[in-house]
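Q: need a structure here:
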Amino acid sequence: MNGAFQFFSDVERYIKKVREYKAQRLEYDVHFIKIKGYVNTESVLEKIDDAVLPEELIKGKDILIVEDVYDSGNLMDILYKHIHKFEPNSVKSAVCVYKCNPKNLKFDFQSDYIGFAVPGDKFLVGYGMDYNEHFRDLSHICVISKEGIEKYREI
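A: Residues are numbered from 1 along each chain as shown. A predicted model of the protein is given here:
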């Protein structure tokens, strides 16, 4: 979930603005977790280790998952199951890009907050999202070409 760092930074900036505008203290803790969901263009995640996201960070808490892209649905499905086994108070999600993808329909998932929706047949990079650790530094979101996929493919 490293790809969400840019989106999270923008979300957090707006949370701070709302907090200042309302003159209310909004306390929260931030925890980044590193989950490698893809190799090349294929979803590979099977489970989340308890050491990566332990019970003490979840039990009785209000959780906001900030994710860069909802694509295959696999990562969010596994993450929600992992979080719910530790009995959080609530779980909400904010997704920068929701891909309208037939593969993810089987999960019946709808994010609470969506930046924008795009067709699901393209692989996106930039704004924190990568292809095999490339292109994360782009300040915009774009579609990687077939030539780019081949050039940066992991063997």
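Q: Residue most distant from the centroid, this structure?
A: Here the centre of the chain is the reference, and by C-alpha atoms, centre = their mean the most remote residue is residue 23, at 29.3 Å.
Q: list the contacts for it?
A: Residue 23 is in contact with no residue at all, counting by C-beta atoms under 8 Å, 6 or more residues apart in numbering. Backbone N, C-alpha and C define where each C-beta goes, glycine included.
Q: Residue 115 versus that one, what's the distance?
A: According to C-beta to C-beta, to the nearest Å, residue 23 stands 27 Å off from residue 115.
Q: just for the protein, where's the confidence low?
A: By pLDDT under 70, the low-scoring segments of the chain are 1-2, 36-46.
Q: Please save the CA atoms from the longest helix along it in CSV.
A: Using DSSP state H to assign secondary structure, the helix with the most residues in the chain is helix 5-22. Extracted in CSV, the C-alpha atoms of helix 5-22 (Å, rounded to 0.1, in the frame of the first residue of the first chain):
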residue,chain,number,x,y,z
PHE,A,5,1.3,7.8,0.2
GLN,A,6,0.7,10.7,-2.2
PHE,A,7,-3.1,10.4,-1.9
PHE,A,8,-2.8,10.1,1.8
SER,A,9,-0.7,13.2,2.1
ASP,A,10,-3.4,15.2,0.2
VAL,A,11,-6.2,13.6,2.3
GLU,A,12,-4.4,14.5,5.5
ARG,A,13,-3.8,18.1,4.4
TYR,A,14,-7.5,18.5,3.9
ILE,A,15,-8.3,16.9,7.2
LYS,A,16,-6.1,19.5,8.9
LYS,A,17,-7.8,22.3,7.0
VAL,A,18,-11.3,21.0,8.2
ARG,A,19,-9.9,20.7,11.7
GLU,A,20,-8.6,24.3,11.6
TYR,A,21,-11.9,25.6,10.1
LYS,A,22,-14.0,23.9,12.7
